[in-house]
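In: I would like to see how this sequence folds:
(one chain, ligands or ions: 1)
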Amino acid sequence: MIIHMKKGALPQQEKAVLDRIISAGFKYEIIHGSTGIDVIGILGDLSGVEESFFSELDGVDKVVRISKAYKLVSRQYSAADRKIKVGGIEIGGRELVIMAGPCSLETEEQIVTIAGYVAKLGIKIMRGGAYKPRTSPYSFQGMGIEGLRLLAKVCGRYRLKIITEATGLHRHIDRKGRPEAKNVLENVIEYADIIQVGARNMKSYGFLQELALLTKDSKKPILLKRGESSTLKDFLLAAEYIVAHGNPNVMLCLRGIRAFEEPEFQRYTADIGAITVLKKESNLPVIFDPSHSIGNRHYVEGVSLAAAAAGADGLLIETHNDPANARCDGDQSVTKEELARIKALAVKIHAVVK
Ligand SMILES: [Mn+2]
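Out: Next up, the predicted model:
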């Protein structure tokens, strides 16, 4: 249920409304307008509450029941696009935001080389995984905290913002079999400008709640990936978990879904149509990951341009200075030259459709 306050409602009238929400046992989220409170979203099970319980109060313009299962992330709650600031970069605004970097951080030399060309292309956000959730326990598990420290050092030099994945609440075990001092989420929160939640964790509701609570004060932006077999409704409800627990700065990231295709042709099936659906249903920015959704660097350009044409607010692209020898996802990592071409074309297409 959302309460639209009248323009010019007095502070004591706003307070009376908030007091009634709390005394009835509910929580709320506020959207401020230019003069005072614009909209109040009431959180909880409101099935037994009449609209008049709130509409009778002074200063209330109207009360609207949100019919969707997801509330705070819906267009019904707030018709305006939710714009997310990362340093001077605005995600969900006028410009197409490109985030690029390797799947996995490997060595200092690799990080420096890739950050160098990413920055030179005018890209402002670098991706790179320090913790890698791998299917096999024998695969490279990521550099851990050492990788995060190197990434922060190099990105600082090139004035790049960092997006990196938090894989869970466990402590990473290093190559010598020792656990790190802090858990993965705590480390990632310390070093990342945008915290990535992977497809495997989209339904880890306890993890999503903990993440929201730990970033409630900082409101550090979160990029949530769609689970490979999740419906869009489940995806939006996962985003709702984070927003409802205190961090509204969530962006939705599509990364391909499981369909009938064989991996030799497509690793996943690019869910381009979902961009248009999410833009209509939700007020959150929508990012597209062309690398995982197609899984082959020869097709990354086509999928990137299709995503830009469908209205994506940003692209999350894997790139590597030596794809053939990458420790993770080399087959789908584009070269510097391919990345330059994708950026130039995608930015033009975005400008046409925006
Ligand atoms: Mn990857």
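In: V184 and the ion, how far apart?
Out: 17 Å (Cβ to the ion, to the nearest Å). Where you see a C-beta, it was placed from the backbone N, CA and C, and this is true even at glycine.
In: residues contacting that residue?
Out: 131, 166-172 (Cβ atoms under 8 Å, 6 or more residues apart in numbering).
In: Apply 10 Å and report the result again.
Out: V184 makes contact with 130-131, 142, 144-145, 148, 165-172, according to Cβ atoms under 10 Å, 6 or more residues apart in numbering.
In: For this structure, which segments count as strands?
Out: 2-5, 27-32, 37-43, 60-64, 84-86, 89-91, 97-101, 125-127, 161-165, 194-197, 222-225, 250-254, 286-288, 314-318 (DSSP state E).
In: Rebuild those as CSV, extending it with mean neighbour count and mean pLDDT.
Out: Formatted as CSV, the strands of the chain follow (neighbours: other Cβ atoms under 10 Å; pLDDT from 0 to 100):
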stretch, mean neighbour count, mean pLDDT
strand 2-5, 22, 93
strand 27-32, 15, 89
strand 37-43, 20, 90
strand 60-64, 16, 94
strand 84-86, 19, 97
strand 89-91, 19, 97
strand 97-101, 27, 98
strand 125-127, 25, 98
strand 161-165, 24, 98
strand 194-197, 24, 98
strand 222-225, 26, 98
strand 250-254, 27, 98
strand 286-288, 27, 98
strand 314-318, 28, 98
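In: As JSON lines, the ones you listed with distance to the ion would be great.
Out: Listed next are the strands of the chain as JSON lines, based on distance: least, Cβ to the ion, whole Å:
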{"stretch": "strand 2-5", "distance to the ion": "38"}
{"stretch": "strand 27-32", "distance to the ion": "34"}
{"stretch": "strand 37-43", "distance to the ion": "35"}
{"stretch": "strand 60-64", "distance to the ion": "41"}
{"stretch": "strand 84-86", "distance to the ion": "21"}
{"stretch": "strand 89-91", "distance to the ion": "20"}
{"stretch": "strand 97-101", "distance to the ion": "10"}
{"stretch": "strand 125-127", "distance to the ion": "9"}
{"stretch": "strand 161-165", "distance to the ion": "9"}
{"stretch": "strand 194-197", "distance to the ion": "11"}
{"stretch": "strand 222-225", "distance to the ion": "11"}
{"stretch": "strand 250-254", "distance to the ion": "12"}
{"stretch": "strand 286-288", "distance to the ion": "14"}
{"stretch": "strand 314-318", "distance to the ion": "6"}
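In: Contacts only, for the residue in the stretch 101-250 of the chain that the ion sits nearest to.
Out: Among the residues of the stretch 101-250 of the chain, C103 lies closest to the ion, at 3.3 Å counting by Cβ to the ion. The contact partners of C103, by Cβ under 10 Å, 6+ apart, come to 127-129, 132, 142, 291-292, 318-320, 326-330, 332-333.
In: any idea how far the closest residue to it other than its chain neighbours lies from the ion?
Out: Spatial nearest neighbour of C103, excluding adjacent residues (Cβ to Cβ, 6 or more residues apart in numbering): D329 at 3.8 Å. Noted for D329: a distance of 4 Å to the ion, by Cβ to the ion.
In: rewinding a little: of the contacts of V184, just say which sits nearest to I40.
Out: Using Cβ to Cβ, A166 comes nearest to I40 of the contacts of V184, at 31.0 Å.
In: Can you get me a residue count around the nearest residue to the closest one once chain neighbours are set aside?
Out: Nearest non-adjacent residue to A166, counting by Cβ to Cβ, 6+ apart: V188, 3.9 Å away. Residues near V188, counting by other Cβ atoms under 10 Å, number 25.
In: V188 contacts F207, correct?
Out: No. Look at V188 against F207 with Cβ atoms under 10 Å: they stay out of range, at 11.9 Å.
In: tell me, what's touching these two both at once?
Out: Common neighbours of V188 and F207 (Cβ under 10 Å, 6+ apart) are 166-167, 197.
In: Counting neighbours, which of the contacts of V184 end up buried?
Out: 130-131, 142, 144-145, 148, 165-168, 171-172 (16 or more other Cβ atoms under 10 Å).
In: Closest one of the residues you listed to V73?
Out: A166 (20.1 Å).
In: dump the residue contacts of the closest one.
Out: 130-131, 183-189, 192, 195-198, 201, 207, 210-211, 214, 222.
In: okay, L185: pLDDT?
Out: Note for L185: predicted pLDDT of 98.
In: And the residue lying closest to it once chain neighbours are set aside, its phi and psi?
Out: Leaving aside its sequence neighbours, L185 sits nearest to A166 (Cβ to Cβ, 6+ apart; 4.6 Å). Phi and psi for A166, reported as degrees, to the nearest 10, are phi -100, psi 120.
In: measure A166 to G129 for me?
Out: Using Cβ to Cβ, to the nearest Å, one gets 10 Å for the distance from A166 to G129.
In: which residues are common contacts for these two?
Out: 196, 198.
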